[in-house]
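>>> Next input, structure requested:
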Amino acid sequence: MKESRYQFWNLRAPDMDEDLKIDWDDGVVLGQKTCPLNPEHRSAGRRLTNLSVVLSSRQVFDVMWTGASECLIQQSVLDAFSCQGFNGFEVKPVQARFKRPGAGSPPQFWELIVTGWAGMASPKSGIRLDETKTCPGCGRLRYTKASDYSSLIDPKRWDGSDFFMVWPLPRFVFVTERVREFAEKTGLRLTQFTSPGDMQPKTPFLQQTKMGFGPGRLSYWMPEQRAHELGDSLGIY
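Numbering: from 1, shown residues only. As a prediction, this is how the structure comes out:
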């Protein structure tokens, strides 16, 4: 891998018009969890269906983003990633439509599901499990906020994937320098790469990280088998 000042990057949506953000369509179903110990611990579980989305604008890009920070890529991007040999992700089909009647059909989009792994956030980041807010009844996990994002990733815990996750930040897509170089060389549209040290939450979902992290369980974000493989020993499956 080419040496650079930053080996890892956060792939995210750039600042953009609200019309370019994608909303969930009807039919997206979330599992619901109730707690046997605390009735106030009600939260959404994993998403039970593939994404169905509504595009407010007819303008589409190589990469698109939902308001919940899901990353959607066009077929051409998926083909390019495959040709480059990028790993650490799977895809799920996305059902998309334009908001305006008569606008035709959008191109095929795929939801990028990160399966690469860099383990738990480094203790140097300030993120740790907050046992006073974690519940054994429903398995709710709560973590303290980050004090130093530049220390977030421990390279020793990274599995070598081009796309990877750091726990407890499942909504953040992390990539290697190889991915960033390719995206910038090819002009991949609607992407921004931020070094971990410069990360600032942008969407309402991510802004909640200023108060700490409540990521649910790893199985909400990764395929079942992969979540078991990574999460069982850490107690986060």
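>>> Enumerate every residue touching the closest residue to T176 other than its chain neighbours.
Leaving aside its sequence neighbours, T176 sits nearest to D162 (CB to CB, 6 or more residues apart in numbering; 4.9 Å). Bear in mind the C-beta positions are built from the backbone N, C-alpha and C, glycine included. D162 makes contacts with 86-89, 116, 175-176, 178-179, as judged by CB atoms under 8 Å, 6 or more residues apart in numbering.
>>> how about 7 Å then?
For D162, the set of contacting residues under the criterion of CB atoms under 7 Å, 6 or more residues apart in numbering consists of 86-88, 116, 175-176, 178-179.
>>> And P106, by the same measure?
Counted by CB under 7 Å, 6+ apart, P106 has contacts 55, 60, 96-98.
>>> Could I get the residues you listed in JSON lines, plus columns for neighbour count?
What follows is these, written out as JSON lines (neighbours: other CB atoms under 10 Å):
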{"residue": "L55", "neighbour count": "23"}
{"residue": "V60", "neighbour count": "19"}
{"residue": "A96", "neighbour count": "20"}
{"residue": "R97", "neighbour count": "15"}
{"residue": "F98", "neighbour count": "16"}
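>>> the strands in the protein, which residues?
When secondary structure is read from DSSP state E, the chain shows strands at 8-12, 22-24, 30-33, 43-47, 52-55, 63-65, 71-74, 89-98, 109-114, 117-120, 163-167, 173-176, 192-194.
>>> for the second one, packing partners?
This points to strand 22-24. Contacts defined by 3 or more CB pairs under 7 Å, 6 or more residues apart in numbering; DSSP states H and E place strand 22-24 against strand 52-55.
>>> gap between the strand it packs on and the chain center?
Its chain's C-alpha centre and that of strand 52-55 lie 18 Å apart, by CA atoms, centre = their mean, to the nearest Å.
>>> biggest separation within the contacts of D162, which pair?
G116 and R178 (12.4 Å; CB to CB).
>>> For those two, indicate the residue with more neighbours.
Higher neighbour count among G116 and R178: G116, with 23 against 15, using other CB atoms under 10 Å.
>>> just for the protein, where's the confidence low?
Low-confidence regions of the chain, defined here as pLDDT under 70, cover residues 1-6, 200-210.
>>> Which residue would you name as the spatial centre of it?
Centroid-nearest residue in the chain: R171, 3.1 Å away (criterion: CA atoms, centre = their mean).
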